[in-house]
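K.L.:
let's see this in three dimensions:
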Amino acid sequence: EKRRLVRFPEIPPLMINARVEGLKDKPVFRDALARKRCLVPADGFFEWKRDPKQTKARPQPMYIHPQPRHTVAFAGLWARNRTDAGEQLSFTIITGPPNDLVKPIHDRMPMVLDPAAWAAWLDPALDADAARDLLGVPPIGDWILEPVSIRVNSAQVDDPTLIEPIDAPVAPPVQGALFD
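P.N.:
Below is the predicted model:
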């Protein structure tokens, strides 16, 4: 059997997978929660919906976003590392339990901060416990999920059409009166 080496970038990312439940367990996250919080602007995120009846079927990408579309902020943490190649900055998005909209598709989602909490999240005077208290399961509010093209699976494709729904949500038919 021939073995192959998997090549990683010379400088790996500093931070990945910041689960809200483990922020106090890992030193890099504990330190960042205390002093290196950031906002990650977005207009939505993707998850892939699997059909449990069709195990061989390709998962359907879903774009999850507020309607009408507007910018939101995910809770993030950042880090800085000095290497022989220079300074490297990285960030991670904090994930947590899903709300009821996302729960049928995935068991995690980004922590979406309420705009009223943005300034507090960025305030260096806010301690880690108080910052952690700003993170909760985001309400559904005006968020929707829409199926989008499987083109989203390709890193070579990056254009605005990726977030266009392939099947626009259809409103239920309005039942007329029997005697109009």
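K.L.:
where in the protein is pLDDT low?
P.N.:
1-14, 168-180 (pLDDT under 70).
K.L.:
state the distance from residue 159 to residue 100.
P.N.:
31 Å (Cβ to Cβ, to the nearest Å). For the C-beta atoms, the positions are set from N, CA and C on the backbone; glycine is no exception.
K.L.:
then residue 45?
P.N.:
Residue 45 sits 16 Å away from residue 100, going by Cβ to Cβ.
K.L.:
which residues sit against stretch 157-166?
P.N.:
43, 44, 63, 65, 146, 147, 148, 149, 151, 152 (Cβ atoms under 8 Å, 6 or more residues apart in numbering).
K.L.:
hang on, the earlier thing: in terms of neighbours, single out the busier of residue 45 and residue 100.
P.N.:
Neighbours per residue, other Cβ atoms under 10 Å: of residue 45 and residue 100, the larger number sits with residue 45, 19 against 9.
K.L.:
surely the more buried one touches residue 64?
P.N.:
Yes - using Cβ atoms under 8 Å, residue 45 is in contact with residue 64, at 5.6 Å.
K.L.:
can you list residues touching both of those two?
P.N.:
With contacts defined as Cβ under 8 Å, 6+ apart, the residues adjacent to both residue 45 and residue 64 are residue 109.
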